[in-house]
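Asker: just to be clear, the model below is a prediction. Sequence and coordinates:
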Amino acid sequence: MEKQHHLNGIQRFSKLHFENNKMENSKIKRISVTGIFVLIFCILIANINLNVQAIDVQAQSSLSLGSAGPSSPSQISIDFKKVQISKIYPDSGGTISFIIANLGGLPAEEIEISIPSSQNFHIGDTIKIGTLNPGTQQGIQTTIKAGNIVPGTYAITVIINYKKQKQTGDGRIERETVKENFYIPINVYAPPTTVLTVKDKNLFINKEQELNLEITPKTNLRDTCVELISDCLQVVGNSKIYLGNLEAYKSKGMQFTVIPIKKECNAKLNLIYKAGEYETETLNFGLKVNDVFVDFLTEIEKKEISPGDGLNLTITAKNLGNTELNNVKFYLTLPEQFVVTNEIFYETILPDEEKSLNFQIYVKSDAETKPYKGNLSVVYEISGNKYQISKYVGISVEGKILLVITNYEIKDDKVNVEIANLGTRTANSIILKLGNGYYYIDKIDSTKKRTAIFQLKDVKNTDTLTIEWTGNNNERVEIVKEISL
């Protein structure tokens, strides 16, 4: 019994110990699983923080490298998506416009765009742009005329020359001249039954002027009228003109008064005529609209002038603009110390043409010896509109030379002649001749005297003294005096 009781006690203890161990093991398992999840969460947070820090460090490093590294070279390109071409037919013209842009990180300098003519198209235009900074662009427009070619797709060449800048590893900027060719496709359409000719090659923006057109039908047209339609031209007066009956291959001219309001200008002329019912034929054309650019390069002939002198002053004026000028008048306006006696007129001055302007001026005797500033005013007409520009003109009034004989005497076997310069400027290279004798003096400064010495045997009792020196504009000046010994 006692042994059995002891055995039962051992079994209960063992069972209790087993249960306790089981509970402890269960707690440990629960604690272990929870700990694992907590540990994984902490690791994830730590990794995220490390990644964020790494990204931030990488970004800062990239910014630092970007600011310290070299800029990309200048690069000029054409935006082909923005090329605009008017409808072009064989043996007719239109306009083409496109945009060039500097896609690089440094300026492109001395940009010049050439669009040469070819056997299919007449263009022959050269446009100087100057400098394009990074990220900037410039619109280009020119006229184009197709030859007598078969309708289809062709290409024109656009040549761009410019100074390309690139940055070296040590930060220096190098420049090289670059020539790049671009090719723009051109569609040439089948010709209409009527040929349109634009008589005006150049129009000017925001200025009222005449647009002259001419049509040549390829068949007889009855009861014809035309209508000018364009969103880039403001038509002054009537945009419709009645032409009546037109004969085949006989040209008919018409004139519209217009104000161009856009530089890129495509227009159309609706031709309405009777052929059974009234029919409409649309003739498309392009116009080259320019800014009014006129400038003159002036060069003044360097001449010395003194108070009391008259002078024929020559000014060379060159038309640097892109436009023919009509009814051109030149006025020279100088300060009150001067008198200008004439103005100059030319009926026409072409682009790049040079003219010599001869003005007769007089300097008053009380004028100070100093530089003076004046203006050369140019009044001219373009398409009937008057314009005016002025250019600076500088004229310097120099001191005057005034040589006089202050004394002459016989001393021993010599004749001494004393010459004084009472003027405000040095006299140079003075030659004196008395009788058969000559005497040379290199210079006489202002307010100074020099003495010329002659042999008495060469001089008569009454003789002629000639004094010659270098005056204004290296011209020799001479005075003659009679002296009696």
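Answerer: Done, it's in. As the structure is a computational prediction, the values presented were derived from the model and not from experiment.
Asker: contacts, neighbours, all on C-alpha from now
Answerer: OK.
Asker: per-domain residue ranges of the protein.
Answerer: The chain breaks down into these domains under automatic domain parsing: 1-69, 76-188, 194-290, 296-396, 403-484.
Asker: now those domains in TSV, with mean neighbour count and mean pLDDT?
Answerer: Shown next, in TSV, are those (neighbours: other Cα atoms under 10 Å; pLDDT from 0 to 100):
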stretch	mean neighbour count	mean pLDDT
domain 1-69	12	41
domain 76-188	17	90
domain 194-290	17	86
domain 296-396	16	86
domain 403-484	16	87
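Asker: and the helices in the stretch 351-485 of the chain?
Answerer: Ranges of helices in the stretch 351-485 of the chain, per DSSP state H, counting those that start in this stretch: none exist.
Asker: do the same with the stretch 101-250 of the chain
Answerer: For the stretch 101-250 of the chain, applying DSSP H, counting those that start in this stretch gives no helices.
Asker: which non-adjacent residue is nearest residue 225?
Answerer: Distances taken as Cα to Cα, 6 or more residues apart in numbering put residue 242 closest to residue 225, at 4.2 Å, once the chain neighbours are dropped.
Asker: how near is residue 298 to residue 329?
Answerer: Between residue 298 and residue 329 the distance is 15 Å, computed by Cα to Cα, to the nearest Å.
Asker: list the contacts for the closest residue to residue 223 other than its chain neighbours?
Answerer: Excluding the flanking residues, the one nearest residue 223 by Cα to Cα, 6+ apart is residue 244, at 4.6 Å. With contacts defined as Cα atoms under 8 Å, 6 or more residues apart in numbering, residue 244 is in contact with 222-225.
Asker: look up how far residue 87 lies from residue 244.
Answerer: The separation that residue 244 has from residue 87, given Cα to Cα, amounts to 27 Å.
Asker: ok, now how distant is residue 286 from residue 189?
Answerer: To residue 189, residue 286 is 15 Å away according to Cα to Cα.
Asker: also residue 291?
Answerer: Separation of residue 291 from residue 189 (Cα to Cα): 30 Å.
Asker: same question for residue 405.
Answerer: Distance, residue 405 to residue 189, using Cα to Cα: 90 Å.
Asker: just the strands in the stretch 351-485 of the chain please.
Answerer: With DSSP state E, counting those that start in this stretch, the ranges of strands along the stretch 351-485 of the chain come out as 354-363, 371-382, 385-396, 403-411, 414-421, 427-434, 437-444, 449-455, 462-470, 476-484.
Asker: want to try JSON lines for those, with distance to residue 122 as columns?
Answerer: Putting those into JSON lines (distance: least, Cα to Cα, whole Å) gives the following:
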{"stretch": "strand 354-363", "distance to residue 122": "28"}
{"stretch": "strand 371-382", "distance to residue 122": "26"}
{"stretch": "strand 385-396", "distance to residue 122": "30"}
{"stretch": "strand 403-411", "distance to residue 122": "68"}
{"stretch": "strand 414-421", "distance to residue 122": "69"}
{"stretch": "strand 427-434", "distance to residue 122": "62"}
{"stretch": "strand 437-444", "distance to residue 122": "66"}
{"stretch": "strand 449-455", "distance to residue 122": "74"}
{"stretch": "strand 462-470", "distance to residue 122": "59"}
{"stretch": "strand 476-484", "distance to residue 122": "58"}
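Asker: which of these sits closest to residue 322?
Answerer: In terms of Cα to Cα, the element of these nearest to residue 322 is strand 371-382, at 11.3 Å.
Asker: mind giving me the packing neighbours of the closest one?
Answerer: Of the remaining helices and strands, those touching strand 371-382 by 3 or more Cα pairs under 8 Å, 6 or more residues apart in numbering; DSSP states H and E are strand 325-333, strand 385-396.
Asker: try it again at 10 Å.
Answerer: strand 325-333, strand 344-349, strand 385-396 (3 or more Cα pairs under 10 Å, 6 or more residues apart in numbering; DSSP states H and E).
Asker: that strand: partners in the sheet, and parallel or antiparallel?
Answerer: Counting by DSSP bridges, the strands paired with strand 371-382 are strand 325-333 (antiparallel), strand 385-396 (antiparallel).
Asker: residue 279 is nearest to which of those strands?
Answerer: Across those, residue 279 has its closest neighbour in strand 385-396 (38.2 Å, Cα to Cα).
Asker: about what we covered before: turn the helices and strands packed on strand 371-382 into TSV, columns for distance to residue 471.
Answerer: Shown next, in TSV, are these (distance: least, Cα to Cα, whole Å):
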stretch	distance to residue 471
strand 325-333	26
strand 344-349	29
strand 385-396	15
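Asker: residue 104: which of these is closest?
Answerer: With distances scored as Cα to Cα, the stretch of the helices and strands packed on strand 371-382 nearest to residue 104 is strand 385-396 (38.2 Å).
Asker: can you show me the CA trace of the closest one as CSV?
Answerer: Extracted as CSV, the C-alpha positions of strand 385-396 are listed here (Å, rounded to 0.1, in the frame of the first residue of the first chain):
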residue,chain,number,x,y,z
ASN,A,385,6.2,105.0,-96.1
LYS,A,386,8.6,107.6,-94.7
TYR,A,387,11.3,106.8,-92.1
GLN,A,388,14.2,108.6,-90.6
ILE,A,389,17.4,107.6,-88.8
SER,A,390,20.4,109.6,-87.5
LYS,A,391,24.0,108.8,-87.2
TYR,A,392,26.7,110.6,-85.1
VAL,A,393,29.2,112.7,-86.9
GLY,A,394,32.3,114.1,-85.3
ILE,A,395,34.3,117.1,-86.6
SER,A,396,37.5,118.4,-84.9
